[in-house]
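>>> sharing a sequence plus its predicted fold:
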Amino acid sequence: MVEETRSTSREAVVETQVDEIAPDIYRLSTYISDEDFMFNQFLIDAEEPLLFQTGLRSLFPLVSAAVSRVVPVERMRWITFGHVEADECGSMNLWLAAAPNAQVAHGALGCVVSVNDLADRPPRPLQDAEVMDLGGRRVRRIETPHVPHGWDAGLFFEETTGTLLCGDLFTAIGASPALTEQEIIGPALAAEDVFRATCLTPSTGPTIRALADLQPTTLALMHGPAFAGDCVQALRDLAAAYDDRLAAEGARLHGPVSPVDVGHS
Ligand SMILES: [Fe+2]
Ligand SMILES: [Fe+2]
């Protein structure tokens, strides 16, 4: 299924494309050419429909129109995201207003820190490894604090299709197809060199490596293609790349630091 919703509210024509990347899991993808960057959300079409990542508040007209091609907006039940950031949850309250039975579900820590205050209706706090039975699909919340960033960070694993909704992991610059088997490590590390968006800590590699143990069959990227190649290897390779970067950074920081390096002149 491929459909597009268009908007001319920005200077460039912006389109939201809808593709089914796994059974009943739809990728809603908006490419912003001015930024050479794409924003994806994922809709799980189940008895209790779930949206993972709401998109920016400014994109709500496009994203909600895209959702309505699969599920009536007012039927949305669960509004979820990885961590609190504008592109992850900026339109959360617009969704709550548009869907009377919708509720935000987020990690318990993130609810205490942010969402209890930000959301117009009380959220459902989720524990690590808690499963939400959507009726036909089941999503498991996995806490990944500070991976890739944010102390409330977490992901969802859809157990019946083996789809890991992996948020900002593997973020890439540029446009990409809905589904690919081409390698995603190179583009992710190139984007990391530009953005430095990932917290480089001793737990970064192990946290990503633990996701490989889920043995996902599809990786649903927020900023990039959905990946249907060897997902276990991709996650292990990404973990190893961050291990290497942490080691290099440690070596750099434990060496002599020149005044130029710390910003003094
Ligand atoms: Fe993020
Ligand atoms: Fe993001």
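Perfect, I can see it now. A quick note: this is a predicted structure, and the numbers were derived from the prediction, not measured. Ligands and ions are numbered 1, 2, ... in the order given.
>>> how about the nearest residue to the residue of the stretch 1-150 of the chain found nearest ligand 1, chain neighbours excluded?
Proximity of the stretch 1-150 of the chain to ligand 1 (Cβ to the ion) peaks at Glu85, 4.5 Å away. Yep, even glycine has a C-beta here, placed from its N, CA and C like the rest. Spatial nearest neighbour of Glu85, chain neighbours left out: Gly150 (7.0 Å); criterion: Cβ to Cβ, 6 or more residues apart in numbering.
>>> hang on, the one you found in a helix?
No. Counting by DSSP: H, G, I helix; E, B strand; the rest coil, Gly150 falls outside a helix, being coil.
>>> count the neighbours of it for me.
Residues lying near Gly150 (other Cβ atoms under 10 Å) number 21.
>>> ok, it touching His83?
Yes. The pair Gly150 and His83 passes the contact test of Cβ atoms under 8 Å, sitting 3.5 Å apart.
>>> so what sits against both of those two?
Counting by Cβ atoms under 8 Å, 6 or more residues apart in numbering, the shared contacts of Gly150 and His83 are Gly110.
>>> ligand 2 contacts on the stretch 51-200 of the chain?
Within the stretch 51-200 of the chain, the positions lying close to ligand 2 (Cβ under 5 Å from the ion) are 87, 168.
>>> before we move on, the earlier item: so what's the residue of the stretch 1-150 of the chain closest to ligand 1 scoring on pLDDT?
Looking at Glu85, its pLDDT is 98.
>>> pLDDT weak spots in the stretch 1-150 of the chain?
1-13 (pLDDT under 70).
>>> name the residue of it that lies nearest to ligand 2.
Ligand 2 sits closest to Asp87 of the stretch 1-150 of the chain, with a gap of 4.6 Å, by Cβ to the ion.
>>> pull the residues that contact the helix ranked longest in the chain.
Looking across the chain with DSSP state H, the single longest helix is helix 231-254. Outside helix 231-254, the residues that touch it by Cβ under 8 Å, 6+ apart are 164, 169-170, 183-185, 188-189, 192, 198, 200-202, 204-206, 208-209, 211-212, 215-219, 227.
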